[in-house]
Structures are given as structure tokens and as C-alpha cells.
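# next come a sequence and a model predicted from it.
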Amino acid sequence: MNALHSLAIAVKADEPNPVLNISIFLAFVAITLVIVIRSGRNNKSAADYYTGGRSFTGPQNGFAIAGDYLSAASFLGIVGAIAISGYDGFMYSIGFLVAWLVALLLVAELMRNTGKFTMADVLSFRLKQGPVRVAAATTTLAVCFFYLLAQMAGAGGLVSLLLGINDQLGQSIVVIIVGALMIVYVLVGGMKGTTWVQIIKAGLLISGGLAMSIWVLALNGFNLSTLLDSAVAVSTSVPADAILAPGLKYGTNPLDFISLALALVLGTAGLPHVLMRFYTVPTAKEARRSVVWAIWLIGAFYIFTLVLGFGAAYLVGADKVLASPGGVNSAAPLLAFALGGPLLLGFISAIAFATILAVVAGITITAATSFAHDIYGSVIKKGKGNPDDEVKVARRTVIVIGVLAIAGGIGVQGQNIAFLVALAFAVAASANLPTILYSLFWRGFTTRGAVWSMYGGLASAVLLIIFSPVFSGTETSMFGADVNFAIFPLSNPGIISIPLGFFLGWLGSVTSTVKESPKLAAEMSVRSLTGHGAEKAVEH
Amino acid sequence: MSESVKHAPPKSTIDYEAFEKTPRFLELKRTRNKFVVPLAIFFLVWYFAYVLAAAYLPEFMATPVFGRINLGLLLGLAQFVTTFAITMTYVTFANRKIDPRTEELRLELERMEQL
């Protein structure tokens, strides 16, 4: 065991090879660009551009969902969290996975049957179009914005580690390149191109994770207990085996963890870029199959992260991970380097970049669709506009979002913004999920309830974060310890904002004086369950 | 306004309010809810029981079972197992009990539309 360990240390004496990293990444970009350009040729109608013609199969879409979902935050973040905090990092994986049951049992098929392009299609089905669509587009754009910013910031941080670029200018250039590539993917390829990028990336990520997990387990005689033993042997926590039980990260504030767990498990089924993926398949049955494939793929991957996280703790060491330029996020790349040297590091780095690129593209097309379809098409043009104009607006929105993402990504460099992903989940769970569930399952739900719930959930989640230790009052806060306006003690707002979102939806509905159409409610109920009149796949 | 942005089909001739009260539709709804709702409640309760144990009973979770494998790890992996199991149970149920019924009702609705 010790011999192996020192061997791993010795390998690390080699320097990472930026040229190799860049070449592998460029190869990925070249292959995906060809695919994106080819799939872009068939983008004729709005349904083509927004949903890839609804022509993906369940398994394909399952891979794409996994590609969308296993963002840099899941892959790099969770491996890093396990490497440093042990068991507490593993609890993220569990929440992220179990959350899919909400989507499978309650949301996916009914959404597919009633909607066309966006979440707002379903929410405004039987309520007043204008206010509900604007509210749904607002929460969609907010979630997308938080998620996007987190990914772009991750890109900057990764670069310093992988390419050896440490100065501000170099990192900014990389953020610009990632943003520009993403714009090209989404403009040219639309949803079809974006989906193929996700599928390829998910395939690479999952096979890379599998290969590394087998490698790590092989070093430990394919015995999980031995691996944990190895990790404990080099652990610097007190006591050393504290990494195997909960408490290292959240021990001082269990309520904060419960709040996070709520947001994770209820947020997934409200993430707009996940919901939009249900429209890329021809039927509700395929939507169900997609989620089933996604659950298997995502579940398998999270089991790998357990092995990889403890593997990084043992082969790299928590202290070395923390001290490296990418911090927590560098655990997986450093583990790759310890195992397979510069070549494996190059491969894993390229996957990490591809992950950021693909996730950013998926979020961008979701946000652009929501703006073009919900705000421009349905509210400004009141549904009377030309669908071609709507797609034109969507394409312009893609450029605007791309530029904003680049500016944001450069702006947040060096900031501790790991909270943004958790915030995106909290907003999705507080502002989107209550309205989704109420519209699908509660006849008494009204326009006022929807609007109150969405704005209330969004505002409370954001305000609570601003007045939390994330922004001020501690060493790790955005404004440091000197400024203190943290009147809310938790870093995760979900425990307040999610029940509030549900409560406001109920309160708005029972106090509403306007009666909603029972006819539309009946139509929605029949269509959501039978799939009658659901949008069909586009024939080419 | 809401009329102009309604979804396809634009003007349906079907009386959905009447259809919603037909025994076969009610049966579909009941069958689905009777299966899905308890399952959803079960996994949420089981997940939050695990979360609460992890948050407030770390010593209990640290109880060794064999080797370095402790109770917390086994319960965590059990969450994976139940997630996979619920997924497969639901799929089997939906394929057997839901799909044939929805198919039948959909065909009937399409026939009504052509009248």
C-alpha cells in the first residue's frame, strides 16, 4: 500500500502538460462542431430549433439529461467535496439522485403531454396567459442566470489549474473562448446540436468516471472497505475516521444541511433546462424512458464519485487539493494525474471543459427559448406573431445571453460563488415546483396563486441568501467578515423559501376572486393524463 | 387574449368536462394516483429520515458494520437502491396499467374529434 502511494506521489513530479490538455479539448470541440453543423441543417421550424423536432429517443434523451445534469458542479464539486469533507460530500450525490423520483413520478409525463416548448406552456395552460408567462419566464431566466454564472466562474478557475494560466487576462480569454464556442453551438445547432453535445459529453464523462473508479478500486483489491481504510490512513481530520461519517462539513449547522437537502430534492424537477428536455422526445412514454435512463446513468455516476472522492483523498490528499489553484474543484483532475499522469489528466480536463461548455449551451437555449416564446411570442406579440420571427428573437437572445455570460464569468473571477448552484436549486424548488405541482394536481389553483408563489419563492430565496453568511459576516463571505448584515443564519434558504412558495400558492388561490375556467381545467386534466393533442414529433 | 395563444388543437370539439367524468377516465386517474402518491410520500419520508439521521445522529451513522463500512454508508447506498427500485417498479406499473388505458382513451378522443 505504501509503495503504491509513494509511486503515485512520484508520478506527480511530472508537470501537467497544457499543450496536451488543449489538444484533447480541441479534438472534442472539432468533433462536436461538425455534429452541431450537420444537425443545424435541419433546423427549419420553431419546434426544430427549440426541441430538436421532438425526435430523440428515450435513451438518447436520457444521456442528454445526464449530460445537462452532471455539470461541473456535480462532477468536480462532489468529488472535491468528498475528498475534503468525506461523507458530507456524498450526501450531495444522494439528494441530487433521489430528486429524480419527483420528476419521474409527478412531473415528466404530464409536462410532456401538456406543454410545447417551455415550462410556462404548462403553467399558463388554464390560467391567465400574460401574468403567468411573465412570472414563469422571470423565474426561468433567474435560475438560468445563477446556473450560468456558476458554470462560467468554474471555467475560469479550472483553467488556472489545467492550463497553467494564472493571470487574470489569460483566464478572461479562456472565458471568452468558452462563451464564444457556446454561442456558435447554440446558434447553429439549436436544440438538436446542443443535445448531441450533451450526449457525447455524458458518454465521455460516465466512461471516464467508470474507468477511474475501476482503477482506484483495483489499487485497493476491489474492496471498498480497503479504499476507505487507505483514505483514513492519510486523513488529516480529527479523528482520522471522521471522514467516514456525517458532520465534517455540516456538523456545526445541521439545519443548514436540511435546508440544502430540501432544495436539492425538490429543485431538480423545477429546473427549466431539465424540464425543457422532456419536449425533445415524441411522446410521454419516451419522456418516461428518458428519465429512467437518466436515473440509471446519474445514479451510476454518483456511485463513481464516492470512489473517486475517497480515491482523491487517499492518492492526492485533502490538503494538497485545497492548496492547488482550483481548490475543491481540482480533486478529480489531480486524481486523474496521480493515476494516469499527464495523458489521463488531459482527458479528464477536456471532459471537464466539455462539461462546462455543454451545460452552458443547454442553459442558454432554455433561457433563449423562454424569452422568445414566453415573453416575445406570447406576451408582446400575444401569440399572433410569426414563428420564424420568434426563432429569430431566440437566436438574438442567445447572443445577448452569451455576452452576458462572458461578462459575468470575467466579473466573478476569484469570487467565492459556489453558493450559486445551490441557489439555483433553491429558486427552482421555491418558485417553480409549487406552481408546477399545483397546476397539475390542484383544481383550485388560480392565476393569483401562481403569480404569488413564483415571485414570492424567487424573492424570498434571493433575499435570504443576501442576508445570509454567504454575503457577509464570516471570513468566507463575499464581503468578508468586516461587513455584517447576515440576519439569516443559514447559507441555504430552502427551508424557509420552499414552504413559503407552497404557502403563497395556496393563499393566493383561496383569496382569489377571479374564477378560472373549469373548461380549460378539464381539458388540461384529460390531456395531461391521456396525451391527447400532445405535440407530435416533426417529420422531415 | 388567452384564446389567441391557446395550444393546439386550436378549437376542439370535445367536451372535456363531460369526458373527465367518464368512468374510464376516472379509473385511469384513480389508478395512477393510487400508485404514484403513496410511492412519492414513501421516498420523501425515507429520504428525509436519512437526512435527519445524518444531521442529528452522526454517532449512530458512524456505527461500524464491517471493516470500514459503517451504517451511514450503507444507509446512503440504500437510498440509491430504493431509488433504482422505485424507478423500476413505476416503469413496470406504467407499462402494464397506464399505457394500455391511455392509449385506448386517446384513440377514443381522436375519434370524437373527427365526428
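Ah, there it is. Residues are numbered from 1 along each chain as shown, chains lettered A, B, ... in the order given.

# so how far is whichever strand or helix holds A:Leu149 from its chain's centroid?
When elements are defined using DSSP states H and E, A:Leu149 is found to belong to helix A:129-162. On the basis of CA atoms, centre = their mean, to the nearest Å, helix A:129-162 sits 9 Å off its chain's mean C-alpha point.

# beyond that helix, next helix or strand please.
Downstream of helix A:129-162, the first helix or strand assigned by DSSP H and E is helix A:168-218.

# what's around the closest residue to A:Glu390 other than its chain neighbours, how many residues?
By the measure of CB to CB, 6 or more residues apart in numbering or on different chains, the closest residue to A:Glu390 outside its immediate chain neighbours is A:Gly377, 4.4 Å from it. All C-beta spots, glycine's among them, are computed from the backbone N, C-alpha and C. A:Gly377 has 27 neighbours, counted by other CB atoms under 10 Å in any protein chain shown.

# just A:Leu219 next, same as before
The local packing count at A:Leu219 equals 20, with neighbours defined by other CB under 10 Å.

# relative to chain B, how far out is it?
Distance of A:Leu219 to chain B, given as CB to the nearest CB, to the nearest Å: 15 Å.

# what are the phi and psi values at that residue?
With angles defined as degrees, to the nearest 10, A:Leu219 shows backbone torsions of phi -60, psi -20.

# what of A:Arg41?
Phi and psi for A:Arg41, reported as degrees, to the nearest 10, are phi -60, psi -30.

# hmm, A:Ala312 is touching A:Val321, no?
Yes. Contact status for A:Ala312 versus A:Val321: in contact at 6.4 Å, counting by CB atoms under 8 Å.

# neighbouring contacts of stretch A:349-360?
Residues external to stretch A:349-360 that are found in contact with it (CB atoms under 8 Å, 6 or more residues apart in numbering or on different chains): A:21, A:24-25, A:27-29, A:32, A:67-68, A:70-72, A:75-76, A:147-148, A:151-152, A:154-155, A:158, A:162, A:178-179, A:181-182, A:185, A:194, A:197-198, A:200-201, A:204-205, A:208, A:332-333, A:336, A:405.

# that stretch: which residues count as buried?
The neighbour-count criterion (16 or more other CB atoms under 10 Å in any protein chain shown) identifies A:Ser349, A:Ala350, A:Ile351, A:Ala352, A:Phe353, A:Ala354, A:Thr355, A:Ile356, A:Leu357, A:Ala358, A:Val359, A:Val360 as the buried residues of stretch A:349-360.

# what helix or strand is the fourth one on?
A:Ala352 is part of helix A:331-369, with elements assigned from DSSP H and E.

# just the buried residues of the contacts of stretch A:349-360.
A:21, A:24-25, A:28-29, A:32, A:67-68, A:70-72, A:75-76, A:147-148, A:151-152, A:154-155, A:158, A:162, A:178-179, A:181-182, A:185, A:194, A:197-198, A:200-201, A:204-205, A:208, A:332-333, A:336, A:405.

# and the residue positioned nearest the centre of chain B, what does it touch?
Among the residues of chain B, the smallest C-alpha distance to the mean C-alpha position (CA atoms, centre = their mean) belongs to B:Val36, namely 4.2 Å. When contacts are counted by CB under 8 Å, 6+ apart, B:Val36 touches A:Leu105, A:Leu106, B:Tyr90.

# next one: A:His273
When contacts are counted by CB under 8 Å, 6+ apart, A:His273 is found next to A:Asp68, A:Cys144, A:Tyr147, A:Gly362, A:Ile363, A:Thr366.

# state the pLDDT value of the fifth one.
Yep, that's A:Ile363 we're talking about. Per-residue confidence at A:Ile363 stands at 93 (pLDDT).

# how far away is it from A:Ser370?
Applying CB to CB, to the nearest Å, the value for A:Ile363 to A:Ser370 is 11 Å.
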